[in-house]
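Colleague: Structure of the sequence below:
(6 chains)
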There are 4 protein chains.
Amino acid sequence: MTEPAGRRVRTAALELFAERGFHGTGIRDLAQRAGLSTATLYHYMGTKEDLLAEIMRDSMRLLLLAAGQTGTFGTPTERIARLTQIHVLAHAARPLHTRVADDEIRALSAPVRAEITALRDEYEDFWQSAIDDGVTSGEFRVAAPTVARLALLEMCSGVARWYRPDGPLTASELAARYVEMALGLLTVDGAAPALDPGAADDMNELVSELWPL
Amino acid sequence: MTEPAGRRVRTAALELFAERGFHGTGIRDLAQRAGLSTATLYHYMGTKEDLLAEIMRDSMRLLLLAAGQTGTFGTPTERIARLTQIHVLAHAARPLHTRVADDEIRALSAPVRAEITALRDEYEDFWQSAIDDGVTSGEFRVAAPTVARLALLEMCSGVARWYRPDGPLTASELAARYVEMALGLLTVDGAAPALDPGAADDMNELVSELWPL
Amino acid sequence: MTEPAGRRVRTAALELFAERGFHGTGIRDLAQRAGLSTATLYHYMGTKEDLLAEIMRDSMRLLLLAAGQTGTFGTPTERIARLTQIHVLAHAARPLHTRVADDEIRALSAPVRAEITALRDEYEDFWQSAIDDGVTSGEFRVAAPTVARLALLEMCSGVARWYRPDGPLTASELAARYVEMALGLLTVDGAAPALDPGAADDMNELVSELWPL
Amino acid sequence: MTEPAGRRVRTAALELFAERGFHGTGIRDLAQRAGLSTATLYHYMGTKEDLLAEIMRDSMRLLLLAAGQTGTFGTPTERIARLTQIHVLAHAARPLHTRVADDEIRALSAPVRAEITALRDEYEDFWQSAIDDGVTSGEFRVAAPTVARLALLEMCSGVARWYRPDGPLTASELAARYVEMALGLLTVDGAAPALDPGAADDMNELVSELWPL
DNA sequence: CATGAATGAGAATTCATTCAT
DNA sequence: GATGAATGAATTCTCATTCAT
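Modeller: From the prediction side, this is the model:
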């Protein structure tokens, strides 16, 4: 409680947006968590959406900054390794920020969403160009580079949903493992023991039965 | 509009919950999308939460049923391959259901959440035991099997967020690729070209600077 | 359930209006209790208020009929005795009807309320004229005959709120006791051991303190 | 209108609940009577039921307090006399509170109802033990002491329904009269001119005809 | 700085009732 | 008879926000 009120508001917003989502959080909840009245709340914030936008901007800008400092030099392999590492470390170190940034884009109004989406696209461009460069250079072998980017980012971002620093792995160890997985994913050689085609058809049939259109 | 009204309500709920989230969807939205008045809406549904619970129950039960039919026999490698395949196919074929089921658990009231969580835990047990068995048999080499399960599921579930059937890959092709990735992930041999330790430290330092605790 | 539906509706209304009050009872409640759909309900009734009006009309008409047959001949003492007896017997025998009639007048719309109030006034006139005649003849000694009527009726009507036929008194015994009390009440001779005036003042003071205006 | 808004809300609730009943009073009615918008109303209250619970709690607590101060010493006759006096005075002085407390218990939700019922039972215990003590000491002669308590309370509470301070009796005079009636009721000697048995049977027959089971 | 007071709009849900079949 | 479908109006209550003090 020695923290300044303005900071407490941000912390409250971060925690509650991560926990209940933007639409699931009321300003009364924010006020209570911050230990203020709802009216006082407005001394320290603009609108509720501004609060969300701040969180997302901060989150994206830092990621973007880090990507700019690490993702622009060296071989594609090195670039992907470093991008993966900071992405995982960031998601392990700041799970609330990253979860909000990942989950609540749809809650933003059009103009802010455009702004945040632009930042995110810029960030993902670092990944995409590293992947594309790797494919061009032959370091990576992937059929659909765009799909690869999406799969990689989903996989790495998931960390924010379950990683606990008091678990068996440190954040650094976790990041190292994800780097291995990411690079493996980008150099799939098709030598993995594929299911026999008949089995694949069976699966498709099962899915069609269970989830008819 | 030849569809019966009850079905239109379910479809509207599915689409809107997936698009805007449960809390971001009002009954007015549901009514409008279903082409009914809000009062008439209640002729075809219980509460808004009932609608959500139905979607999640259906989604989880089918996944569970499919896992029961495919994830219990054969080698661990085969089991994981099949589980991955149905999971990806299901998420590609029914992205709305699976997205709602993945994203809106927190919106459920305690009793329903307990019910759905139990179904989900049961489903994830198929994965966990396949992984654990593979580790025991030596087919898989993973330091933290629980982490592996989480990473795998996150990665595969992400499909529902971006896969489009009119893209470059069919759902079957996508599933095949994910099977390869999943098996690769579980047999990481540490032989991947690790970043040199100095570089890893640099990253950690950068993260510490950008996201101070 | 062998009862005809129309009767079941009346019974349901009677029970629920007595139990929860008119405004506390919804047509859904009525339909459920009667074992019908809400739409079917309307085959057997007019509006919800009609149902209430029927109950009150029946209740008041019977009371009025009985009063007309018993309250018009004999001495004032005999008339009051008979009126008390039928009033108590009626309230013991038909507690639901009488409770609804006593409690729900305010729920009626103006025109129906006027009608029911007229019936009630007519009924109470039997009491009032018996009392007044007794005062004129000297059989009764009461300072405020109107107050006496109100007190008597309140006291006797209360029976419907608590009397149970399986209790220690039969309805006839109960009625006999009330006849005694009623006649005693009308022949109060002021000889009862009054509180000393000082004590009465103390009470007034206490009330003023506890319930300040 | 110089009254503070919070008080106006309480007054409005008291008046309207007494006039139309809890279920017959909408928040719109409360808001209009208090001169506020419905939203502003909620600045000054919890739920509608809270408002009712407050009224009932206040009413019962004061009655209980008064009973505790006056109903515990002296002879049974004196105790009943004082209990009757405060009960009648309270009902004459605060008819709205007491009417709400008497009529709307059924409108309360289970937990609050339990609380209020406990208070009421405690209050009625003062009456019951005074009556029982009087029966033991021989001061009172009543066949069914529990019935006597119920009859007494019904009779006295009725005052709140019709007493007007600008009528022929002051509240004190009214209370004195009720004390006489109460004591008379408790010392019924059976000497009242009973109806001849044949007449009583006639009445029973008439009731049976008019209100067949 | 801080807050009590205030609000129009909207939340989910229920209301009594009608009507075509 | 019986009912599924439908609804405008009303229900209680919360929303995010403003503003005078």
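
Colleague: Contacts for stretch A:57-67, please.
Modeller: A:83, A:86-87, A:90, A:94, A:97-98, A:100-101, A:115-116, A:119-120, A:122-123, A:126, B:206-207, B:210-211 (Cβ atoms under 8 Å, 6 or more residues apart in numbering or on different chains). In this view, the C-beta of every residue, glycine as well, is placed from N, C-alpha and C.

Colleague: Filter these down to the buried ones.
Modeller: Neighbour counting with 16 or more other Cβ atoms under 10 Å in any protein chain shown marks A:83, A:86-87, A:90, A:94, A:97-98, A:100-101, A:116, A:119-120, A:123, A:126, B:206-207, B:210-211 as buried within those.

Colleague: Mark which of those residues are part of strands, please.
Modeller: Within those, no residue falls in strands by DSSP state E.

Colleague: neighbours of A:Ala143, just the number please.
Modeller: 14 (other Cβ atoms under 10 Å in any protein chain shown).

Colleague: before we move on, what about A:Leu30?
Modeller: 22.

Colleague: Where does the prediction get shaky in chain A?
Modeller: Residue ranges of chain A with pLDDT under 70: A:1-2, A:188-200, A:212-213.

Colleague: Flag every buried residue along the longest helix along it.
Modeller: When chain A is parsed with DSSP state H, its longest helix is helix A:110-137. Neighbour counts over helix A:110-137 (16+ other Cβ under 10 Å) mark A:112, A:116, A:119-120, A:123-124, A:126-128, A:130-135 as buried.

Colleague: ok, those vs DNA strand F, which is closest?
Modeller: Among the buried residues of helix A:110-137, A:Val112 lies closest to DNA strand F (Cβ to the nearest atom of the strand), at 12.1 Å.

Colleague: Name the nearest residue to the closest one, sequence neighbours excluded.
Modeller: Spatial nearest neighbour of A:Val112, excluding adjacent residues (Cβ to Cβ, 6 or more residues apart in numbering or on different chains): A:Ala53 at 4.8 Å.

Colleague: Would you agree the one you found is in contact with A:Ala107?
Modeller: No: using Cβ atoms under 8 Å as the test, A:Ala53 is too far from A:Ala107 to be in contact (10.0 Å).

Colleague: Which members of the buried ones among the contacts of stretch A:57-67 occur in helices, if any?
Modeller: Here DSSP H is the test, and those give A:83, A:86-87, A:90, A:97-98, A:100-101, A:116, A:119-120, A:123, A:126, B:206-207, B:210 as lying in helices.

Colleague: hmm, which two among those are most spread apart?
Modeller: Comparing all pairs in these by Cβ to Cβ, the longest separation belongs to A:Ile116 and B:Leu206, at 22.7 Å.

Colleague: hang on, the earlier thing: restrict the contacts of stretch A:57-67 to contacts with chain D.
Modeller: The overlap between the contacts of stretch A:57-67 and the neighbours of chain D (Cβ under 8 Å from any Cβ of the partner chain) is empty.

Colleague: nearest residue to the spatially most central residue of chain A other than its sequence neighbours?
Modeller: Geometric centre of chain A, nearest residue: A:Ser157, 3.9 Å, by Cα atoms, centre = their mean. Once flanking residues are discounted, A:Ser157 sits nearest to A:Asp102: 5.4 Å by Cβ to Cβ, 6+ apart.

Colleague: Just give the number of residues close to the one you found.
Modeller: Counted by other Cβ under 10 Å, the residues lying close to A:Asp102 total 19.

Colleague: and what of A:Ala93?
Modeller: 21.

Colleague: Pull up the gap between it and A:Ala101, please.
Modeller: Distance, A:Ala93 to A:Ala101, by Cβ to Cβ, to the nearest Å: 14 Å.

Colleague: So which residues of chain A form helices?
Modeller: Assigned by DSSP H, the helices in chain A fall at A:5-20, A:27-34, A:38-41, A:48-70, A:76-93, A:95-103, A:110-137, A:145-157, A:159-162, A:171-186, A:197-210.

Colleague: looking at those, which is buried most?
Modeller: helix A:76-93 (a mean of 25; mean count of other Cβ atoms under 10 Å in any protein chain shown).

Colleague: Grab the nearest non-local neighbour of the residue of chain A found nearest chain D.
Modeller: Residue nearest to chain D within chain A (Cβ to the nearest Cβ): A:Thr38, separated by 11.3 Å. Nearest non-adjacent residue to A:Thr38, counting by Cβ to Cβ, 6+ apart: A:Ala31, 4.5 Å away.

Colleague: got it, and A:Ala171?
Modeller: Residue nearest to A:Ala171 in three dimensions, not counting chain neighbours: A:Ala92, with 4.0 Å by Cβ to Cβ, 6+ apart.

Colleague: The one you found contacts A:Ala175, doesn't it?
Modeller: Yes: with contact defined as Cβ under 8 Å, A:Ala92 and A:Ala175 form a contacting pair (7.4 Å).

Colleague: how does chain A divide into domains?
Modeller: Following automatic domain parsing, one finds the domains of chain A at A:1-45, A:48-190.

Colleague: Throw these into a markdown table and include distance to DNA strand F, thanks.
Modeller: Formatted as a markdown table, the domains of chain A follow (distance: least, Cβ to the nearest atom of the strand, whole Å):
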| stretch | distance to DNA strand F |
| --- | --- |
| domain A:1-45 | 3 |
| domain A:48-190 | 4 |
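
Colleague: and DNA strand E, which of these is closest to it?
Modeller: Of all the domains of chain A, domain A:1-45 comes closest under Cβ to the nearest atom of the strand, at 2.6 Å.

Colleague: Just give me how far that closest one sits from the chain centre.
Modeller: Domain A:1-45 has its C-alpha centroid displaced from the chain centroid by 23 Å (Cα atoms, centre = their mean, to the nearest Å).

Colleague: ok, now stretch A:55-69?
Modeller: Chain-centre distance of stretch A:55-69: 11 Å, with Cα atoms, centre = their mean.

Colleague: One more: stretch A:39-50?
Modeller: Computed by Cα atoms, centre = their mean, the chain-centroid distance of stretch A:39-50 equals 26 Å.

Colleague: is that stretch up against chain B anywhere?
Modeller: No: using Cβ under 8 Å from any Cβ, stretch A:39-50 stays clear of chain B, coming no nearer than 12.6 Å.

Colleague: Quick one: residues in contact with that stretch.
Modeller: A:5-6, A:9, A:13, A:22, A:27, A:30-31, A:34, A:36, A:51, A:107-109, A:112.

Colleague: Straight-line length of that stretch, end to end?
Modeller: Criterion Cα to Cα, to the nearest Å; first-to-last residue distance in stretch A:39-50 is 16 Å.

Colleague: what's the answer for stretch A:15-32, then?
Modeller: Length of stretch A:15-32, first residue to last, Cα to Cα: 13 Å.

Colleague: what does that stretch contact?
Modeller: Stretch A:15-32 is contacted from outside by A:9, A:12-13, A:33, A:37-38, A:40-41, A:48, A:51-52, A:55, A:95-96, A:99-100, A:103-104, A:107, B:21, B:23-24, B:106-107, using Cβ under 8 Å, 6+ apart.

Colleague: Check stretch A:92-103 too.
Modeller: A:14-15, A:17-18, A:21-22, A:52, A:55-56, A:58-60, A:90-91, A:116, A:157, A:159-161, A:163, A:165, A:171, A:174-175, B:103, B:207, B:211, B:213.

Colleague: Equivalent analysis for stretch A:117-125, please.
Modeller: Contacts to stretch A:117-125, defined as Cβ under 8 Å, 6+ apart, come from residues A:57, A:60-61, A:63-64, A:67, A:105, A:149, A:153.
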